[in-house]
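[1] Pasting a predicted model and its sequence here:
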Amino acid sequence: MKIMKCLSLLTLVLLVVSCNNQSAVSNKPIKTELDSVSYAIGMDVAKNVKMSFDDFDNELFVQGFTNVLDSTNILLDEATAQKVVRAFFQKKQQEEAAKRAEEGEKNKEEGVAFLESNKSKEGVQTTASGLQYIVLKEGTGAKPTKDSKVKVHYHGTLIDGTVFDSSVDRGEPAEFGVTQVIKGWTEGLQLMSEGAKYKFFIPQELAYGANPRPGGPIKPYATLIFDVELLEVK
């Protein structure tokens, strides 16, 4: 079992740390390839422990390790130990899922409230899908279709003003097909003419909904705001 193998490796590391802590932490230099591998594994295990546990009893961990090595005073049989570990991580996953769901509902409610307030502001237009936009500058060139490729500059923020992506900041326009982006962009781009600059207010159902990129700044059900300049239709 992968989890048990990881924990066994962690036990070994903690045992070494525990022994070292009886005197002083080792500052042994890296001299050989095996030294490098050993140190790298220690780093990797420590990183995973920090991600997996908010709190941890090192002494009991080392005690379990030494008890099994000595075959004495073992407090849990193997089947029970595996069951305990599985239950712990399942509970943690459920708690994290519940937390994400709670945050998602909060983001959804905040987005709905923002768009409801925003729609009555000067210059804001709303489409049948719920996309809101302001014409900052009208263009005079061609309009893109679903089959078009476009070259744009954009600046994306959350409703609290947090910047999550910006070709403007990078100083390099982006190129992509009109249907290769979120629904709000696909619809909004087809409203624009070449040379135009619009501000899009995109509800979560026309953005990433419940599935933004994991670990990124966009959270589930987030409403997004983009300043978009249509530079060229290809």
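    Nice, thanks for sending it over. Keep in mind that this is a model prediction, so the values were computed, not measured.

[2] who does the helix or strand where Tyr133 lies touch, helix- and strand-wise?
    Secondary structure assignment for Tyr133, by DSSP states H and E: strand 132-137. When contacts are defined as 3 or more C-beta pairs under 8 Å, 6 or more residues apart in numbering; DSSP states H and E, strand 132-137 packs onto strand 125-126, strand 197-202. C-betas here are computed from N, CA, C, even on glycine.

[3] Pull up the pairing partners for the longest one, direction included.
    The strands that strand 197-202 pairs with in its sheet are strand 132-137 (antiparallel), strand 224-233 (antiparallel) (by DSSP bridges).

[4] how much distance is there from the longest one to the middle of the chain?
    Okay, so that is strand 224-233. With C-alpha atoms, centre = their mean, to the nearest Å as the basis, strand 224-233 stands 24 Å off its chain's centre.

[5] if we can go back for a sec, what angle do the helix or strand following the strand holding Tyr133 and strand 224-233 make?
    Following strand 132-137 in sequence order, the next helix or strand is strand 149-158 (DSSP H and E). Computed by axes from the mean of the first three to the mean of the last three C-alpha atoms, to 10 degrees, the angle separating strand 149-158 from strand 224-233 equals 160 degrees.

[6] which parts of the helix or strand following strand 149-158 are buried?
    Later in the chain than strand 149-158, the nearest helix or strand by DSSP H and E is strand 163-166. By neighbour count on 16 or more other C-beta atoms under 10 Å, the buried set for strand 163-166 is Phe164, Asp165.

[7] Give me the domain ranges for this protein.
    2-75, 122-233 (automatic domain parsing).

[8] Shouldn't Gly188 be within a helix?
    Yes. The assignment for Gly188, made by DSSP: H, G, I helix; E, B strand; the rest coil, places it in a helix.

[9] and the gap between it and Tyr221?
    From Gly188 across to Tyr221, the span is 19 Å (C-beta to C-beta, to the nearest Å).

[10] residues contacting Tyr221?
    Counting by C-beta atoms under 8 Å, 6 or more residues apart in numbering, Tyr221 touches Gly104, Glu105, Asn107, Lys108, Gly111, Gln204, Gly209, Ala210.

[11] correction: Gly104
    Ala210, Lys219, Pro220, Tyr221.

[12] give me that answer again for 10 Å
    Gln204, Gly209, Ala210, Lys219, Pro220, Tyr221, Ala222 (C-beta atoms under 10 Å, 6 or more residues apart in numbering).

[13] out of everything not next to it in sequence, what's closest to the last one?
    Take Ala222 and drop its neighbours on the chain: the residue closest to it by C-beta to C-beta, 6 or more residues apart in numbering is Asn107, 5.2 Å away.

[14] from what I can see the one you found touches Lys219, true?
    Yes. At 5.5 Å, Asn107 counts as touching Lys219 under the criterion of C-beta atoms under 10 Å.

[15] shared neighbours of the two, anything?
    Leu158, Gln204, Ala210.

[16] Confirm the last one sits in a strand?
    No. Under three-state DSSP, Ala210 falls outside any strand and is assigned coil.

[17] Once you drop chain neighbours, what's closest to it?
    Leaving aside its sequence neighbours, Ala210 sits nearest to Pro220 (C-beta to C-beta, 6+ apart; 4.8 Å).
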